[in-house]
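[1] Have a look at this prediction, sequence included:
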Amino acid sequence: MIFTLSASLSFADSFDVLIRNGTIYDGNGGEGKRVDLGMRGDKIVAIGSLQDSSAKTEIDASGLAVAPGFINMLSWAADTLLADGHSQSDIRQGVTLEIFGEGLSMGPLNDAMKKEMVEQQGDVKFDIRWTKLSEYLNYVTRKGVSTNAASFVGATTVRIHVLGYADRAPSTTELEAMKALVRQAMKEGALGVGTSLIYAPASFAKTEELIELARVAGDYGGIYISHIRGEGASLLEAVDELIQISREAKVPAEIYHLKAAGSPNWQKMDAVIQKVEAAQKEGLRITADMYLYAAVPLD
């Protein structure tokens, strides 16, 4: 559940939840403010000095931050949440939204893909009672999960659905079938198309194929998000490809975990940022996310 800030500061006497003495960060990038926060139901209805108010539940947040829920942009909890929906490892860090779909998504599936998914299960065992991506999201919600969940439709999943693991371009008919799968997923709530082009069979996809799939996502307000084709020696070319896809498909694009892998490539980050900023000045909506930890250097 994600709580949204109400524009109205209603300082009534009683709340369902009252959080006192915390440092509140509203998500807009400003300095935190040490004030109280009152809630009724799942809405924040008052922020300010509420020392004379009461609530059914009162929390002393002295020395702690109070902030909107964090978004895990690249979650791989799609299967583990089926086994344990409590999501303790993430929700205790403030994550309230898990987003899946880095190339692979939990749908759309065909019979062969379902069989393979069962055969590849490790410690986490689960029945596959869905076919479409929307059916998976509904299924995990019905089972019960602490966080919100959303997903991109994986371009790798769509490719396997139609082409299997073949290292070739799709025919016109096959490409139309892939686009139809993306269209269906978008109509049913997918966030866009996700790719992981550094891994096979995703790496078999040519730029033109990705443009076609991204264009379908854009028709429904979705975005293109990508673990780009190279993060080391070919980093600059990979960023150029993402920008080209955004430009030609007329769709916003996001770079998953932006980085330069390997110390010989670290100096390329300035050029990457320049490319992204130039694309933004052109009018393209190019964004990126990053790891929240220091990776071990690769020499």
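    That came in fine, so what should we check first?
[2] C-alpha from now on. contacts and neighbour counts both.
    OK.
[3] So which elements touch the helix or strand A278 falls within?
    Counting by DSSP states H and E, the element that carries A278 is helix 269-282. The contact analysis (3 or more C-alpha pairs under 8 Å, 6 or more residues apart in numbering; DSSP states H and E) places helix 269-282 against helix 235-249, strand 286-288.
[4] Give the rounded mean pLDDT of it.
    Throughout helix 269-282, pLDDT has a mean value of 98.
[5] go on, stretch 76-93?
    The average pLDDT within stretch 76-93 is 94.
[6] try stretch 218-234
    Mean predicted lDDT for stretch 218-234 stands at 97.
[7] can you pull the buried residues of that stretch?
    Neighbour-count burial for stretch 218-234, counted by 16 or more other C-alpha atoms under 10 Å, picks out 218, 222-232.
[8] on that earlier part again, a markdown table for the helices and strands packed on helix 269-282, including distance to D26 and mean neighbour count?
    Output for the helices and strands packed on helix 269-282, formatted as a markdown table (distance: least, C-alpha to C-alpha, whole Å; neighbours: other C-alpha atoms under 10 Å):
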| stretch | distance to D26 | mean neighbour count |
| --- | --- | --- |
| helix 235-249 | 30 | 20 |
| strand 286-288 | 21 | 18 |
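[9] Out of the ones you listed, flag the one nearest A190.
    Closest of these to A190 is helix 235-249, at 17.2 Å (criterion: C-alpha to C-alpha).
[10] Check what contacts the helix or strand immediately after that closest one in the chain and list those residues.
    Per DSSP H and E, the first helix or strand lying C-terminal to helix 235-249 is strand 253-255. The contact list for strand 253-255, computed with C-alpha atoms under 8 Å, 6 or more residues apart in numbering, reads 223-228, 242-243, 245-246, 285-289.
[11] In terms of distance to V35, which of those ranks first?
    Closest to V35, out of all of the contacts of strand 253-255 and judged by C-alpha to C-alpha, is D289, at 30.1 Å.
[12] How about the contacts made by that closest one?
    Counted by C-alpha under 8 Å, 6+ apart, D289 has contacts 73, 254-258.
[13] report the angle between the axes of the helix holding A278 and helix 235-249?
    Angle, helix 269-282 to helix 235-249, by axes from the mean of the first three to the mean of the last three C-alpha atoms, to 10 degrees: 10 degrees.
[14] list the buried ones in helix 269-282?
    Neighbour counts over helix 269-282 (16+ other C-alpha under 10 Å) mark 272, 275-277, 279 as buried.
[15] what does stretch 61-72 give?
    For stretch 61-72, burial by neighbour count (16+ other C-alpha under 10 Å) applies to 61, 66, 68-72.
[16] contacts for stretch 235-247?
    207, 210-211, 214, 224, 226, 228-231, 251-253, 255, 260, 268, 271-272, 275-276, 279, 284-286.
[17] by contact count, what packs against whichever strand in the chain runs longest?
    Longest strand of the chain, by residue count under DSSP state E: strand 14-24. Judged by 3+ C-alpha pairs under 8 Å, 6+ apart, the packing partners of strand 14-24 are strand 33-40, strand 54-60, strand 65-66.
[18] Now with 10 Å, please.
    Packing contacts for strand 14-24, counted by 3 or more C-alpha pairs under 10 Å, 6 or more residues apart in numbering; DSSP states H and E, involve strand 33-40, strand 43-48, strand 54-60, strand 65-66.
[19] For the stretch 151-299 of the chain, which segments count as helices?
    Applying DSSP state H, counting those that start in this stretch to the stretch 151-299 of the chain gives helices spanning 155-163, 172-187, 207-219, 235-249, 269-282.
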